[in-house]
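Enquirer: This is a predicted model, with the sequence first.
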Amino acid sequence: MAKILVLGGGFGGVVAAERLARELDEQHQITMVSRSRNFVFYPGLVRLAFGKASRADVSFDLRETMLSRKVNFIEAEVARIDPEQRKVIIAHGEVEGNLVYDYLIFALGRRLATEKISGFFEHSHHLLNVDKALKFGQAVAAFNRGHAVIGQCEGARLPVPVFETAFALARLLDEQGKREYAKITVISPDPPGPMFGDPGISAALQSAFRTHGIRYIADFSTTEITPGAIMTRTGLELNFNLLMMVPPFAGSSAASPLGSNHDGYLSVDSTMRVVDADRVYAAGDCVNFSGPKLGHMAVRQAEVAAANLVAEINGREPVAHYSHEMRTVIDEGSEDSVYFHKDIWTNEAADVKQGRFWSWAKRVQEKYWESTHL
Ligand SMILES: Cc1cc2nc3c(=O)[nH]c(=O)nc-3n(C[C@H](O)[C@H](O)[C@H](O)COP(=O)(O)OP(=O)(O)OC[C@H]3O[C@@H](n4cnc5c(N)ncnc54)[C@H](O)[C@@H]3O)c2cc1C
């Protein structure tokens with residue numbers, strides 16, 4: 001019998017635990033450890049902020065779901081891993097002390113490194129959890145005129161909700177007859193040139209920006225935020241009346257004993273095995289792959305990690321390999337919604353599609369996830 005710990009109850013952890021439960025004999029013991037019993041469907045948080053979804057639409061109770069799939073669930077905070085002793089040290093929660101494992105799947109996502117930007121915590125909204133998204137929604141409701149700045153800091157690696165927020169704000173102001181009193185600017189630390197490194201994706205997004213009168217500024221690396229202004233190291237400065245920024249990301253601090261890099265991300269190979277640790281796999285935002293961090297990547301990485309872990313337990317060679325692709329919808333709310341698919345490792349031109357269908361498809365995907373995983 002093997003004891004398998006799955007750390008994290010997000011996209012990566014849920015998919016890995018489900019696949020392990022499906023493919024392993026019942027003699028093996030699978031336990032998920034997560035700091036909260038709630039699964040958060042992050043792609044729904046922009047809709048939550050704009051009053052188009054409720055708290056219940058974007059967060060679901062995990063414990064019952066996991067138990068129904070024969071996965072134990074422990075609500076607890078992971079402090080660190082001891083790979084030599086094969087144990088996980090719990091800081092606090094439903095259990096105390098250590099949990100031992102034979103095999104581990106690390107899926108603790110990323111940490112928000114707001115401390116890297118002076119004034120971020122005090123003066124910027126973000127929407128990276130349910131409460132913050134609702135608080136940003138209140139600020140949106142109170143915004144009548146002036147300059148709205150929406151963007152991401154260097155290291156944020158999450159452009160999708162930035163663009164969706166700018167489009168949602170433009171639509172809302174239009175509906176309220178206030179659009180002419182407000183300027184909307186999207187800022188990005190990325191160098192000038194095609195967005196997502198692809199001319200096709202860039203053209204589709206630029207066209208949507210033009211439709212909504214949204215200005216896009218590249219090469220804006222935020223270093224400081226004051227009550228009404230956002231600044232870069234090179235002296236650029238924008239005044240704002242409403243600010244929503246995605247803060248810098250870093251890997252989970254619990255990952256450091258597993259040999260994480262300077263930003264705290266874990267090095268894995270294409271089988272999703274952690275390079276410097278035995279019997280440890282990782283999936284999701286916690287791994288050290290280039291480009292944006294997206295939920296569908298976490299899902300595919302978790303499938304690969306679980307398939308290879310099952311093979312390892314059964315004494316077989318790895319059976320699955322991950323290839324790094326972006327496949328996402330940027331929901332503009334109507335016919336300017338953009339779908340694209342791009343292979344990051346080969347860097348071939350993206351497959352880009354635009355139309356109202358993709359806005360609808362993104363919502364259907366949310367419902368599909370809910371009905372199949374929870
Ligand atoms: C606002 C927003 C919009 C997004 N939109 C899209 C989109 O449209 N399309 C897309 O593909 N992706 C989108 N993403 C990205 C996507 O949500 C992430 O890539 C995905 O959630 C990563 O999954 P994960 O399992 O790696 O991490 P997470 O979903 O973050 O899960 C990590 C889990 O670990 C737990 N945890 C963390 N630290 C500890 C600890 N120390 N102890 C115990 N438990 C811990 C957390 O509670 C959580 O359960 C969006 C993200 C956000 C924030």
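Expert: Perfect, I can see it now.
Enquirer: Near the ligand, which residues of this protein? Just list them.
Expert: 8-13, 34-36, 42-43, 45, 77-78, 107-109, 127-128, 158, 160-161, 252, 254, 284-286, 293-296, 298, 328 (Cβ under 6 Å from any ligand atom). Glycine gets a C-beta too; all of them are placed from N, C-alpha and C.
Enquirer: Put the buried members of those residues into a PyMOL selection.
Expert: Only the buried members of the residues of the chain next to the ligand end up in this PyMOL selection, burial being decided by 16 or more other Cβ atoms under 10 Å:
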select buried, resi 8+9+10+11+12+13+34+35+42+43+45+78+107+108+109+127+128+158+160+161+252+254+284+285+286+293+294+295+298+328
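Enquirer: ok, which stretches of the stretch 101-250 of the chain are helices?
Expert: Counting by DSSP state H, counting those that start in this stretch, one finds helices in the stretch 101-250 of the chain at the ranges 120-123, 130-142, 160-175, 199-212.
Enquirer: And the second one, what's buried?
Expert: Right, helix 130-142. For helix 130-142, by 16+ other Cβ under 10 Å, it's 130, 132, 133, 136, 137, 140.
Enquirer: ok, of these, which one's closest to the ligand?
Expert: residue 133 (7.0 Å; Cβ to the nearest ligand atom).
Enquirer: hang on, that closest one packs against residue 48?
Expert: Yes. Counting by Cβ atoms under 8 Å, residue 133 sits close enough to residue 48 to count as a contact (4.9 Å).
Enquirer: Overlap in contacts, those two.
Expert: Common contacts of residue 133 and residue 48 (Cβ atoms under 8 Å, 6 or more residues apart in numbering): residue 127.
Enquirer: what sits against the residue in the stretch 101-250 of the chain positioned nearest to the ligand?
Expert: Closest contact between the stretch 101-250 of the chain and the ligand, by Cβ to the nearest ligand atom, is at residue 109 (2.8 Å). Residues counted as contacts of residue 109 (Cβ under 8 Å, 6+ apart) are 8, 10, 12, 252, 284, 285, 286.
Enquirer: how close does it sit to residue 290?
Expert: Separation of residue 109 from residue 290 (Cβ to Cβ, to the nearest Å): 17 Å.
Enquirer: cool, and residue 70?
Expert: From residue 70 across to residue 290, the span is 36 Å (Cβ to Cβ).
Enquirer: between those two, who's got more neighbours?
Expert: Shown here are residue 70 and residue 290; by other Cβ atoms under 10 Å, residue 70 has more neighbours (15 against 8).
Enquirer: Can you report phi and psi for that one?
Expert: Note on residue 70: backbone dihedrals following degrees, to the nearest 10 are phi 60, psi 40.
Enquirer: from memory it sits against residue 22, does it?
Expert: No. Using Cβ under 8 Å, residue 70 is not in contact with residue 22, being 9.6 Å away.
Enquirer: max-length strand in the protein?
Expert: Looking across the chain with DSSP state E, the single longest strand is strand 72-82.
Enquirer: and the closest residue to the ligand within the stretch 1-150 of the chain, what pLDDT?
Expert: Nearest residue of the stretch 1-150 of the chain to the ligand: residue 10, at 1.9 Å (Cβ to the nearest ligand atom). Looking at residue 10, its pLDDT reads 97.
Enquirer: just residue 260 next, same as before
Expert: pLDDT recorded at residue 260 is 76.
Enquirer: that's a helix at it, yeah?
Expert: No. Residue 260: not assigned to a helix; according to DSSP: H, G, I helix; E, B strand; the rest coil it is coil.
Enquirer: I'd say it and residue 254 touch.
Expert: No. Using Cβ under 8 Å, residue 260 is not in contact with residue 254, being 9.3 Å away.
Enquirer: re earlier: list the buried ones in the longest strand of the chain?
Expert: 73, 74, 75, 76, 78, 80, 81.
Enquirer: who does that strand pair up with?
Expert: Partner strands for strand 72-82, per DSSP bridges, with pairing direction: strand 29-34 (parallel), strand 87-93 (antiparallel).
Enquirer: State the distance from residue 305 to residue 271.
Expert: As judged by Cβ to Cβ, residue 305 and residue 271 stand 8 Å apart.
Enquirer: Same drill for these two, tell me which one is more crowded.
Expert: Between residue 305 and residue 271, residue 305 has the larger neighbour count (other Cβ under 10 Å), namely 32 against 19.
Enquirer: for the more buried one, helix, strand, or coil?
Expert: Following three-state DSSP, residue 305 is assigned to helix.
Enquirer: Would you check that it makes contact with residue 283?
Expert: Yes. The pair residue 305 / residue 283 is scored as a contact, 4.7 Å apart, by Cβ under 8 Å.
Enquirer: Touching stretch 229-238 from outside, list them.
Expert: Under the contact criterion Cβ under 8 Å, 6+ apart, stretch 229-238 has outside partners 124, 147, 149, 185, 187, 217, 220-225, 239-240, 243, 245.
Enquirer: Can you flag the buried ones in the residues you listed?
Expert: Buried subset of these (neighbour count, 16+ other Cβ under 10 Å): 124, 147, 149, 185, 187, 220-223, 225, 240, 243, 245.
Enquirer: Any chance you could give me stretch 54-62 in PDB, C-alpha atoms only?
Expert: Output in PDB follows, covering the C-alpha atoms of stretch 54-62 (Å, rounded to 0.1, in the frame of the first residue of the first chain):
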ATOM      1  CA  SER A  54     -22.300  35.200  -7.100                       C
ATOM      2  CA  ARG A  55     -19.900  33.900  -4.500                       C
ATOM      3  CA  ALA A  56     -21.600  30.500  -4.800                       C
ATOM      4  CA  ASP A  57     -21.000  30.400  -8.500                       C
ATOM      5  CA  VAL A  58     -17.200  30.700  -8.100                       C
ATOM      6  CA  SER A  59     -16.400  28.700  -5.000                       C
ATOM      7  CA  PHE A  60     -17.400  25.200  -4.100                       C
ATOM      8  CA  ASP A  61     -17.000  22.900  -1.100                       C
ATOM      9  CA  LEU A  62     -14.300  20.300  -1.800                       C
END
